[in-house]
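Participant: Next input, structure requested:
(one chain, ligands or ions: 1)
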Amino acid sequence: MKQEVICVICPRGCRLTVDPENDYKVTGNFCAKGVPYGKAELINPTRVVTSTVKIDGEKITRCPVKTDQAIPKKEIKNIMQEINQVNLNAPVKAGDIVIQNILNTDANLVVTRDID
Ligand code: SF4
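Facilitator: A predicted model of the protein is given here:
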């Protein structure tokens, strides 16, 4: 059965139609980038996870973090549980790795802001 997917690669937000019974044929895309995006959304949707973790900074108690690459959407809940266990010590620098290869996804959880 065909499914609709909104392409979020650019602000145009094309409404894609993906047909799993026809080799995941994608229609409705304004540009070629929509084809692999539409297929991936049905076969193995992925997302970059952004969140915050606890930090013992003087003025700031939360530190923004993100995965350095997209991870399978089905792992987001488990990854959020891992993120909620983290407690950093200041100072930290943007790009510092908080958790390497988080839940064997090949993605690292990294700091996105310098905190003294
Ligand atoms: S299909 Fe192309 S033009 Fe349309 S939203 Fe995706 S990237 Fe943008």
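Participant: What parts of this structure come near the ligand?
Facilitator: Residues of the chain lying near the ligand by CB under 6 Å from any ligand atom: 7, 9-10, 12-14, 29-31, 33-34. Where C-beta positions appear, they are placed from N, C-alpha and C, glycine not excepted.
Participant: Same list (those residues) but as TSV, adding distance to Arg62.
Facilitator: Formatted as TSV, the residues of the chain next to the ligand follow (distance: CB to CB, whole Å):
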residue	distance to Arg62
Cys7	32
Ile9	29
Cys10	30
Arg12	33
Gly13	30
Cys14	35
Asn29	38
Phe30	38
Cys31	38
Lys33	34
Gly34	36
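Participant: quick one: the residue lying closest to Val49 once chain neighbours are set aside and Asn44, what's the gap?
Facilitator: Nearest non-adjacent residue to Val49, counting by CB to CB, 6 or more residues apart in numbering: Thr67, 4.7 Å away. Thr67 is 15 Å from Asn44, where distance means CB to CB, to the nearest Å.
Participant: Counting neighbours around each, name which of the two comes out higher.
Facilitator: Thr67 (24 against 11; other CB atoms under 10 Å).
Participant: I figured the more buried one was touching Asn101, is that so?
Facilitator: No. Applying CB atoms under 8 Å, one finds Thr67 not in contact with Asn101, separated by 10.6 Å.
Participant: hey, what's in contact with both of these two?
Facilitator: Common neighbours of Thr67 and Asn101, using CB atoms under 8 Å, 6 or more residues apart in numbering, are 107-108.
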